[in-house]
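With the sequence up front, the predicted model follows.
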Amino acid sequence: MRTQKNAPLPDAAKEKEAKEAFDDIINVFCSTTDEEDMKALFSDLFTESEMKDFCTRWLLMTDLYKGRPQRDIAEARNLSLCKITRGSKMLKKEDGFMRRLLSSRYDDHLHI
């Protein structure tokens, strides 16, 4: 029996492919240690709009971590309260990576 070349993958195969792609890109990010190479990778991988969203997400997380009120963030960054609430929930996880990362970057400076 012949299969079509462009036949859609079954759901299980799509999930496996997506997991492998995720693991692969994580390995690429981890192996990219040069700042200019990382910038080039991001430039090739993401659109200008995706990069803007990516940076806005980072700024949102730092604003929240520094204690800026959610409504101020929503107005200043033109974000929905739903997105801000999601970020706030991430920072409330005591063992969360984002909380640990921001703590290591800002606690010594802000005495939070």
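That came through, no problem.

So which other helices or strands are in contact with the helix or strand of the chain with the lowest mean pLDDT?
Scoring the helices and strands of the chain by mean pLDDT, DSSP states H and E places helix 97-110 at the bottom, with a mean of 83. Contact analysis of helix 97-110 by 3 or more Cβ pairs under 8 Å, 6 or more residues apart in numbering; DSSP states H and E lists helix 48-65, helix 81-92 as its packing neighbours. Where C-beta positions appear, they are placed from N, C-alpha and C, glycine not excepted.

Nearest to Glu17, out of those?
Closest approach to Glu17 among the helices and strands packed on helix 97-110 (Cβ to Cβ): helix 48-65, 21.0 Å.

Alpha carbons of that closest one, as CSV, please.
C-alpha atoms of helix 48-65 as CSV (Å, rounded to 0.1, in the frame of the first residue of the first chain):
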residue,chain,number,x,y,z
GLU,A,48,10.2,41.2,14.3
SER,A,49,6.7,41.0,15.9
GLU,A,50,7.6,37.8,17.7
MET,A,51,10.8,39.4,19.1
LYS,A,52,8.8,42.4,20.3
ASP,A,53,6.4,40.1,22.1
PHE,A,54,9.3,38.1,23.5
CYS,A,55,10.9,41.3,24.9
THR,A,56,7.5,42.6,26.2
ARG,A,57,7.1,39.3,28.1
TRP,A,58,10.5,39.8,29.7
LEU,A,59,9.7,43.4,30.6
LEU,A,60,6.4,42.3,32.1
MET,A,61,8.1,39.7,34.3
THR,A,62,10.7,42.1,35.5
ASP,A,63,8.1,44.8,36.2
LEU,A,64,6.1,42.2,38.2
TYR,A,65,9.1,41.0,40.1
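
Go ahead and name everything in contact with whatever helix or strand comes next after it.
Moving toward the C-terminus from helix 48-65, the next helix or strand (DSSP states H and E) is helix 70-77. Identification of contacts with helix 70-77 by Cβ atoms under 8 Å, 6 or more residues apart in numbering yields Thr56, Leu59, Leu60, Asp63, Leu64, Leu79, Ser80, Leu81, Ile84, Thr85, Ser88.
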